[in-house]
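>>> From the sequence below, what's the structure:
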Amino acid sequence: MTTEPEPQLVTPGDIEAAARRIDGVAVRTPLMPCPWADTEDARLLLKPESLQPTGAFKIRGAYNAVARLTPGARARGIVASSSGNHAQAIAYSAALLGTKAVIVMPDTAAQVKIDATRGYGAEVVLVPKTEREEVPRELAREHGYVLVPPFDHPDVIAGQGTVGREIMADAPDADVVLVPVSGGGLISGTAVAVKAANPDAVVIGVEPELAADAADSFTRGARTAWDPELTYRTIADGLRVQQVGALTWPHIARFVDAFVTVTEDEIRDTMRVLATRARLVAEPSGAVAAAAYLHHRDRLPADARTHVAVVSGGNADPALLAAVLGA
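Numbering: from 1, shown residues only. As a prediction, this is how the structure comes out:
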């Protein structure tokens, strides 16, 4: 009987190399103080990845992965699957690097994300949500495209890890780092970078209650899948992946300390607060980390002083944003 080899985890050196590779393409986003959310013994800093050229952190991992391809591989074209933010990041990266991009998106994706992906020059293929994983593989086999996964790839994880690298450079005293979780690429890379800088810092994953497959996996100690009919209940469309990746899971198991889940009402309230108090447009997925701080301080370490919440994206559907702000 043979056992599967342990996957090779992304290292701080991989993240350093990714930081050099994406320099000048991804924005080095600041940490924004939130005096309106601070208390006598705790403060909140926001990492506004909504300010990236494509409106979300995904540009970091996408560009790093595409830039790492050989010229021959890039010449074949790229295919990817995404509900929107990885789609835009791949399309934008492909345009910068002169290669074709074909993006498979669920037919439930926000129109604003579909339009933006096409606007960057990519071909968009809309499919039922149950087919979003298989169709890209079929296209890769049929046309020879290179498949660039949205999260379960070492170059993608390393690129996303530059978020954590920047956080610790700007706030070396960070006690808690709150990170949204979908497939796990962002929290995997971020956790590696945070723990390398300060092993005592606490990394907490945040998910919607209605799509808490990663939190469930963390509790069970093994990857657990949720049916799409469950995860698609949340308005946080970027967090509807049914299961964390085979590569991201060992990073989560090793480097993440805890999970917090938030409700739909808490997500909406935090979107409203971020827009009116922080002057940041956050899509639902981008609001969950801040929601954990604003609504669940009692579930965070009691002695923590400096909290950093990653606002992972700002590609909000205009109609949803208007409804949230008008509520």
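>>> Tell me where the stretch 201-327 of the chain has helices.
Ranges of helices within the stretch 201-327 of the chain are 213-220, 228-231, 248-255, 264-276, 284-295, 318-326, based on DSSP state H, counting those that start in this stretch.
>>> and the residue most central in space within the chain, what does it touch?
The centre of the chain sits closest to residue 186, judged by CA atoms, centre = their mean, with a distance of 4.6 Å. For residue 186, the contact set (CB atoms under 8 Å, 6 or more residues apart in numbering) comprises 57, 151, 160, 163, 179-180, 310, 312. Where C-beta positions appear, they are placed from N, C-alpha and C, glycine not excepted.
>>> pLDDT-wise, what's the bottom of these?
Ranked by pLDDT, the contacts of residue 186 bottom out at residue 151 (95).
>>> isn't it right next to residue 185, touching?
Yes - here residue 151 reaches residue 185: they are 3.2 Å apart, a contact under CB atoms under 8 Å.
>>> thinking again about what came up before, the residue lying closest to the residue nearest to the centre of the chain once chain neighbours are set aside: neighbour count?
Leaving out its chain neighbours, the residue that sits closest to residue 186 by CB to CB, 6 or more residues apart in numbering is residue 160, at 4.6 Å. Neighbour count of residue 160, defined by other CB atoms under 10 Å: 34.
>>> Check the contact between residue 160 and residue 185; I expect there is one.
Yes - counting by CB under 8 Å, residue 160 touches residue 185, with 4.9 Å between them.
>>> Which members of the contacts of residue 186 are the farthest-apart pair?
151 and 310 (14.7 Å; CB to CB).
>>> May I have stretch 79-87 exported as CSV, CA atoms only?
Presented in CSV, the C-alpha positions along stretch 79-87 are these (Å, rounded to 0.1, in the frame of the first residue of the first chain):
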residue,chain,number,x,y,z
VAL,A,79,-8.0,29.0,-19.5
ALA,A,80,-9.4,29.6,-16.0
SER,A,81,-12.5,29.1,-14.0
SER,A,82,-13.9,31.9,-11.8
SER,A,83,-17.0,33.6,-10.4
GLY,A,84,-15.4,36.9,-11.3
ASN,A,85,-12.3,38.2,-9.5
HIS,A,86,-9.8,35.6,-10.7
ALA,A,87,-11.5,35.9,-14.1
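>>> What residues of that stretch count as buried?
Buried residues in stretch 79-87, counting neighbours by 16 or more other CB atoms under 10 Å, are found at 79-87.
>>> Ok, stretch 317-327 next?
Neighbour-count burial for stretch 317-327 [16+ other CB under 10 Å]: 317, 320-321, 324.
>>> Out of those, which is nearest to residue 201?
Using CB to CB, these come closest to residue 201 at residue 324, 31.4 Å.
>>> now the helices: where do they sit in the stretch 1-150 of the chain?
12-22, 58-68, 71-76, 85-97, 111-119, 134-143.
>>> Point out where the stretch 201-327 of the chain drops to low pLDDT.
The model of the stretch 201-327 of the chain has no residue with pLDDT under 70.
>>> repeat that for 90
228-229, 238, 241-242, 327 (pLDDT under 90).
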